[in-house]
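>>> generate a structure from the sequence data that follows.
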Amino acid sequence: MNDNEERPVTIITGRVWKKKGGKPEGVHVMLMAPDDDSAVRKALDSLAAEGYAEAELDQIGDMDGAPDDEPHLSAYQGALEGEVSIITFDEPI
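Predicted structure coming up:
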């Protein structure tokens, strides 16, 4: 990738907790960042700003284009516009 190429949207997956010891929620965070370290830092800062007390991030990767379904499609579009998009869902037990 050269300097003129824009980085793809990064997706980070994991779990978050609103309060320590509480019920976990699954999370997908989509954002644009110059590198993986910056992406993780931005994701953690955004999760903290949204009131999450704990986060456990499992995987990070670049997306190969826009997803087909909501809410991921809107989150992807938000990431392209410079937002940090957070999607939470019930974590299977």
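>>> in the helix ranked longest in the chain, what's buried?
When the chain is parsed with DSSP state H, its longest helix is helix 36-49. Within helix 36-49, the residues that qualify as buried are 39-40, 42-43, 46-47, counting by 16 or more other CB atoms under 10 Å. Bear in mind the C-beta positions are built from the backbone N, C-alpha and C, glycine included.
>>> neighbouring contacts of it?
Helix 36-49 is contacted by residues 10, 12, 16, 27, 29, 31, 33, 55, 57, 60, 84, 86 when judged by CB atoms under 8 Å, 6 or more residues apart in numbering.
>>> with stretch 57-68 instead?
For stretch 57-68, the external contacting residues (CB under 8 Å, 6+ apart) are 7-15, 30, 36, 39-40, 43-44, 73, 76-77.
>>> could you flag which of these are buried?
9-12, 14-15, 30, 39-40, 43, 76.
>>> how about those residues in a markdown table, adding secondary structure, distance to residue 21 and pLDDT?
Compiled in a markdown table, these are given as follows (DSSP: H, G, I helix; E, B strand; the rest coil; distance: CB to CB, whole Å; pLDDT from 0 to 100):
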| residue | secondary structure | distance to residue 21 | pLDDT |
| --- | --- | --- | --- |
| 9 | coil | 33 | 98 |
| 10 | strand | 29 | 98 |
| 11 | strand | 27 | 98 |
| 12 | strand | 23 | 98 |
| 14 | strand | 17 | 98 |
| 15 | strand | 13 | 97 |
| 30 | strand | 28 | 98 |
| 39 | helix | 27 | 98 |
| 40 | helix | 23 | 98 |
| 43 | helix | 22 | 98 |
| 76 | helix | 32 | 98 |
